[in-house]
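K.L.:
Provided below are the primary sequence and the corresponding predicted coordinates.
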Amino acid sequence: MLIRLLNLLGLLGVSLVLLVAFYFQLFHHDVPCPICLLQRGCFVALGIGFALNLSAGPSRLHDAMMLVSGLLGAGTALRQLLLHIAPGDAGYGPPLLGVHFYTWALVAFAASILYVALLLFVEAREDVSARRRAEAPGLLGRLALWLFVLVVGANLLSTLLECGFGACAENPTSYEWLGPKA
Amino acid sequence: MIMILPFVIGLLAALLAMRGLRFGAILAWAALIIVLVVWFQYHASDTLNVSF
């Protein structure tokens, strides 16, 4: 029960992060840069681990997938943070509560690694392999899975509008498929 | 570098995971990680103005 709750909250957390980024993209006209999109991709990879734990049952393999995704995401966010760390650099994009999104992303990925450690602690108390077949995701779990799929689909659509079928501009200010003033 | 590719693979992996198709979702996740690493190497081209 606790394991399922932790995975449910983890998946909802990943969807929430992606939705907040989307909110700023849509309502504050913050067009995401390629590295920003890659960080979103890492959040998607992280969410797949939680989704698998919910739908196919908890497994240390899924947890390992989340750790790899979290580390890759943290590395990507750290790289962008270092790019703008020099004095006088205003950073990229609008800040949220005084902190830029890539810094929040680094915090979130670090927190996700800690969260998976907590999940592993809880799983270690129970025989995860015996539980693997047992539990269905439940109504809330199914809703969280659908929300995650919808958020990933929305990211695919917005990236298609922004970049088309090619690479994105390094510092994009508009959507390629919506014209220069989008 | 096709920027939508990570999200295409991510959506596929998410759909497979939602259906409980574990093996397919894991394979798609692995492909997603590879694409993210390669795309990162392509886009992380600016020199960092920091010393370690």
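P.N.:
Structure's in. What do you need?
K.L.:
Give the buried residues for stretch B:23-33.
P.N.:
Neighbour-count burial for stretch B:23-33 flags B:25, B:26, B:28, B:29, B:31, B:32, B:33 (criterion: 16 or more other C-beta atoms under 10 Å in any protein chain shown). Where you see a C-beta, it was placed from the backbone N, CA and C, and this is true even at glycine.
K.L.:
Does that stretch reach chain A?
P.N.:
Yes - Stretch B:23-33 lies within reach of chain A by C-beta under 8 Å from any C-beta of the partner chain, at B:25, B:26, B:28, B:29, B:32, B:33.
K.L.:
In a markdown table: these, plus pLDDT, secondary structure and distance to residue A:164.
P.N.:
Shown next, in a markdown table, are these (pLDDT from 0 to 100; DSSP: H, G, I helix; E, B strand; the rest coil; distance: C-beta to C-beta, whole Å):
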| residue | pLDDT | secondary structure | distance to residue A:164 |
| --- | --- | --- | --- |
| B:25 | 97 | helix | 28 |
| B:26 | 97 | helix | 30 |
| B:28 | 97 | helix | 23 |
| B:29 | 98 | helix | 25 |
| B:32 | 97 | helix | 20 |
| B:33 | 98 | helix | 24 |
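K.L.:
Closest one to residue A:167 out of those residues, please.
P.N.:
Set against residue A:167, the nearest of those by C-beta to C-beta is residue B:32 (17.4 Å).
K.L.:
Please report how far that closest one lies from residue A:45.
P.N.:
Using C-beta to C-beta, to the nearest Å, residue B:32 is found at 5 Å from residue A:45.
K.L.:
same deal with residue A:175?
P.N.:
Remark: distance between residue A:175 and residue A:45 (C-beta to C-beta) = 25 Å.
K.L.:
Looking at the two now, which is surrounded by more residues?
P.N.:
Between residue A:175 and residue A:45, counted using other C-beta atoms under 10 Å in any protein chain shown, residue A:45 has the larger neighbour count: 29 against 18.
K.L.:
What does the pLDDT read for that one?
P.N.:
With respect to pLDDT, residue A:45 has a value of 98.
K.L.:
ok, the closest residue in space to it that isn't next to it in sequence - how many residues close by?
P.N.:
Excluding the flanking residues, the one nearest residue A:45 by C-beta to C-beta, 6 or more residues apart in numbering or on different chains is residue A:69, at 3.8 Å. For residue A:69, the count of nearby residues is 29 (other C-beta under 10 Å).
K.L.:
For residue B:32 and residue A:45, list the residues in contact with both.
P.N.:
Listed as contacting both residue B:32 and residue A:45 by C-beta atoms under 8 Å, 6 or more residues apart in numbering or on different chains are B:10, B:13.
K.L.:
could you give me the average pLDDT of the host helix or strand of residue A:149?
P.N.:
Using DSSP states H and E, residue A:149 sits within helix A:138-163. The predicted model assigns helix A:138-163 a mean pLDDT of 94.
K.L.:
Buried residues, that helix. List them.
P.N.:
Here helix A:138-163 shows A:141, A:144-145, A:147-149, A:151-152, A:154-156, A:158-160, A:162-163 as buried, counting by 16+ other C-beta under 10 Å.
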